[in-house]
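Visitor: Quick one: sequence and predicted model below, then my questions.
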Amino acid sequence: AKGEVVFNTGMVGYPEALSDPSYRGQILVLTFPLIGNYGVPDESVKDQNGLPKYFESSEIHISGLIVSSYSWEHSHWAAQKSLSKWLQENNIPAMY
């Protein structure tokens with residue numbers, strides 16, 4: 001991946017951060033230590049206005065992801081897939 005390296009210090013919301021258009025083409029570093037633990041919710045769920053309910057947009061905008069610690073097992077009632085699977089489906093490289 002290539003792009004400007006930027007940091008997100010938020011404590012929750014990696015699906016929202018990765019789909020935030022303001023991170024377009026950037027390599028995102030998430031500083032919160034637990035990433036991947038609640039998986040990724042269903043991308044097809046929309047709110048009353050037809051917008052993605054659990055995401056900032058309908059696609060991943062980052063060009064790469066760096067985390068300090070990745071949870072390979074996710075557990076959340078709304079999870080449809082793992083973060084790893086979501087990144088692979090969208091050809092987004094990541095490292096931890």
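Guide: It's in.
Visitor: Distance from the lengthiest helix in the chain to the middle of the chain?
Guide: Counting residues, the longest helix found in the chain (DSSP state H) is helix 83-89. Mean-position distance between helix 83-89 and its chain equals 9 Å (Cα atoms, centre = their mean, to the nearest Å).
Visitor: ok, the helix or strand following it: who's next to it in the sheet?
Guide: Note on helix 83-89: by DSSP states H and E, the next helix or strand toward the C-terminus is strand 94-95. According to DSSP bridges, strand 94-95 forms sheet pairs with strand 64-67 (parallel).
Visitor: Can you give the distance of the partner strand from its chain's centre?
Guide: Counting by Cα atoms, centre = their mean, strand 64-67 comes out at 9 Å from the chain centroid.
Visitor: For residue 10, give me the pLDDT.
Guide: For residue 10, the model assigns a pLDDT of 88.
Visitor: Show me how far stretch 75-82 is from its chain's centre.
Guide: Centre-to-centre, stretch 75-82 and its host chain are 13 Å apart (Cα atoms, centre = their mean).
Visitor: can you dump the C-alpha coordinates of it into CSV?
Guide: Taking C-alpha atoms only, stretch 75-82 is exported to CSV below (Å, rounded to 0.1, in the frame of the first residue of the first chain):
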residue,chain,number,x,y,z
SER,A,75,-17.8,-12.1,19.0
HIS,A,76,-20.7,-9.7,18.5
TRP,A,77,-24.4,-10.3,17.8
ALA,A,78,-24.2,-8.1,14.7
ALA,A,79,-21.0,-9.5,13.2
GLN,A,80,-21.3,-11.0,9.7
LYS,A,81,-17.6,-11.6,9.2
SER,A,82,-14.1,-11.0,10.6
